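*Asks:* quick one: sequence plus predicted model below, questions after.
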Amino acid sequence: MSESRAEYSVLYFCCGNGHALGHVVKRGRVRRLVLYARADEMRSNFALLTGPARIWCSVCAMERAWEPGAAALDELLAKRERMRAADSPA
Ligand SMILES: [Zn+2]
């Protein structure tokens, strides 16, 4: 059994108002976005995005660009996730 860090930390890709538009999946260096059909509905997996795209929030209509290559975005999402974890709503 190989010792892998199997801990998948889920990174949500959110609009500016904090609605989850999808979550980020990493496979090696490849980042993909699992887009939700409806924002904040984590089970409404809709599409798998591999390239850059513009995504609209179905809740507040805010637009946000998904850039799979942006390391800064990755950090931002991780930070956001920590914030969410800190005060997770009941
Ligand atoms: Zn929104």
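*Replies:* The structure has been received and is ready for your questions.
*Asks:* can you map out the strands along the chain?
*Replies:* Assignment of strands within the chain using DSSP state E yields the ranges 11-14, 20-27, 30-36, 45-49, 53-56, 63-66.
*Asks:* next, the angle strand 45-49 makes with the third one.
*Replies:* Taking axes from the mean of the first three to the mean of the last three CA atoms, to 10 degrees, strand 30-36 and strand 45-49 form an angle of 150 degrees between their directions.
*Asks:* make 195 the starting number, not 1.
*Replies:* Fine by me, first position is 195 from now on; the one you just mentioned is strand 224-230.
*Asks:* buried ones in strand 224-230?
*Replies:* 225-230 (16 or more other CB atoms under 10 Å). For the C-beta atoms, the positions are set from N, CA and C on the backbone; glycine is no exception.
*Asks:* can you convert those into TSV and add a column each for pLDDT?
*Replies:* What follows is the buried residues of strand 224-230, written out as TSV (pLDDT from 0 to 100):
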residue	pLDDT
225	83
226	88
227	92
228	93
229	95
230	95
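*Asks:* point out where the protein drops to low pLDDT.
*Replies:* Applying pLDDT under 70 to the chain flags residues 195-203, 264-269, 282-284.
*Asks:* get me the contact residues on it for the ion.
*Replies:* Neighbours of the ion within the chain, by CB under 5 Å from the ion: 209, 211, 213, 251, 253-254, 256.
*Asks:* now, of those, which are buried?
*Replies:* 209, 213, 251, 253.
*Asks:* now do the same contact list for the closest residue to the third one other than its chain neighbours.
*Replies:* Setting aside the residues directly before and after it, residue 251 is nearest to residue 209 in space (CB to CB, 6 or more residues apart in numbering), at 3.8 Å. If a contact means CB atoms under 8 Å, 6 or more residues apart in numbering, then residue 209 has 215, 233, 249, 251, 253-254, 256-258 as its contacts.
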